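S.K.: Need coordinates for the below:
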Amino acid sequence: MKAGRYQVCAGYNIFPRLYTFTLLLTMELRVTALLLLVVCATIFTTTEGDIPQCCVRVSSNIPCTTLNKVQKYEVQKTSGSCDVAALILHMRGKTYCADPKYDKILKMPKRNERKWIRDCKRMLRKTRQ
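M.R.: Numbers count the residues shown, from 1 in each chain. Sure thing, here's the model as predicted:
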């Protein structure tokens, strides 16, 4: 059933340009809502606070040969969420918690392995006394 130039559909006069504009606007709103959802999800996943990995116990008897294999270390302070002062030692994909007294030993330059181990043992004897 036609009424002039415009079709009558379910009791409404639908103007062709207005209908096209309405479809575009609806699609734009859907795309905008989807993009907003993706951005919000990205923000929430990237700003989510990580649970800190803290050392609960520290090892105080680490041999110098093991200390020589440390690739890097981090200092864990008692401030914040961690209650124990420690050194987090990273070697070959594993992490160990050590007493902070090993900090001076790990700062020694590692030029000669035998000399470093000898000096390490000397320093450990001094700290145990």
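S.K.: What ranges in the chain fall below the confidence cut-off?
M.R.: 1-25, 27, 29, 44-52, 129 (pLDDT under 70).
S.K.: Going along the chain, name the helices of it.
M.R.: With DSSP state H, the ranges of helices along the chain come out as 16-47, 64-67, 103-106, 113-128.
S.K.: could you say what helices and strands the second one packs with?
M.R.: Read it as helix 64-67. Applying 3 or more C-beta pairs under 8 Å, 6 or more residues apart in numbering; DSSP states H and E, one finds that helix 64-67 contacts helix 103-106, helix 113-128. For every residue, glycine as well, the C-beta is placed using N, CA and C.
S.K.: okay, those, which one's buried deepest?
M.R.: When the helices and strands packed on helix 64-67 are scored by mean count of other C-beta atoms under 10 Å, the highest mean neighbour count falls to helix 103-106 (a mean of 16).
S.K.: about what we covered before: JSON lines please, covering the helices and strands packed on helix 64-67 and showing distance to residue 95.
M.R.: As requested, these are exported to JSON lines (distance: least, C-beta to C-beta, whole Å):
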{"stretch": "helix 103-106", "distance to residue 95": "14"}
{"stretch": "helix 113-128", "distance to residue 95": "20"}
